[in-house]
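Trainee: Structure of the sequence below:
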Amino acid sequence: MAGPGLLWAAVVSIYLGPSVAQMVTQPQPEESVQETGTVNLHCTYTTSESNYYLFWYKQPPSAEMVFIIRQNAYEQQNATNDRYSVNFQKEAKAFSLKISDSQLEDAAMYFCAYSGAQ
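Mentor: The predicted structure follows:
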């Protein structure tokens with residue numbers, strides 16, 4: 001196995017579906033972490049809706065976009081999926097992704113997305 005490598009994550013936001021005046025913002029243009037380290041990617045959003053979904057996706061270089069995790073706004077418990085977990089703060093309209101035990105395959109563009117409940 002190779003020694004510790006440097007991972008990168010560029011963060012981008014997207015909005016899914018029809019709704020009124022929703023916006024998703026990711027303030028970090030790029031984040032680096034040593035292999036096996038932990039990284040947090042941050043996302044904020046605006047909405048007047050009370051029921052909605054938030055998502056994180058990643059797109060590795062030269063590959064298709066991959067779903068990572070989803071948070072339902074009506075659930076108070078933060079979602080987890082393997083090495084990925086979120087910190088969802090509904091009142092602050094903040095949604096962060098935590099990647100634990102980072103691996104080289106985590107090097108990717110990360111997308112935060114919002115979708116109103118249908």
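Trainee: going forward, measure contacts and count neighbours with C-alpha atoms only.
Mentor: Noted.
Trainee: mind showing which ranges of this structure have poor pLDDT?
Mentor: The model of the chain has pLDDT under 70 over residues 1-22, 28-29, 118.
Trainee: what about D101, neighbour count?
Mentor: The tally of other residues near D101 (other CA atoms under 10 Å) stands at 14.
Trainee: Tell me how far it lies from R83.
Mentor: D101 sits at a distance of 7 Å from R83 (criterion: CA to CA, to the nearest Å).
Trainee: For E105, which three-state class applies?
Mentor: Assigned by DSSP: H, G, I helix; E, B strand; the rest coil, the conformation of E105 is helix.
Trainee: contacting residues for it?
Mentor: Going by CA atoms under 8 Å, 6 or more residues apart in numbering, E105 touches P60.
Trainee: Can you say which helix or strand has C112 in it?
Mentor: Using DSSP states H and E, the element containing C112 is strand 108-116.
Trainee: Centre-most residue in the protein?
Mentor: W56 (3.5 Å; CA atoms, centre = their mean).
Trainee: looking at this, that residue is in a strand?
Mentor: Yes. Looking at W56 with three-state DSSP, it is inside a strand.
Trainee: quick revisit: quick check: which helices or strands does the strand holding C112 pack against?
Mentor: Judged by 3 or more CA pairs under 8 Å, 6 or more residues apart in numbering; DSSP states H and E, strand 108-116 is in contact with strand 6-16, strand 23-25, strand 52-59.
Trainee: and if we set it to 10 Å?
Mentor: For strand 108-116, the packing partners by 3 or more CA pairs under 10 Å, 6 or more residues apart in numbering; DSSP states H and E come out as strand 6-16, strand 23-25, strand 39-41, strand 44-46, strand 52-59, strand 66-72, strand 94-99.
Trainee: Provide a list of residues in contact with the residue nearest to the centre of the chain.
Mentor: Applying CA atoms under 10 Å, 6 or more residues apart in numbering, we find W56 in contact with 13-14, 41, 43, 66-71, 84, 86, 95-97, 110-114.
Trainee: who touches both of D101 and R83?
Mentor: Common neighbours of D101 and R83 (CA under 10 Å, 6+ apart) are T38.
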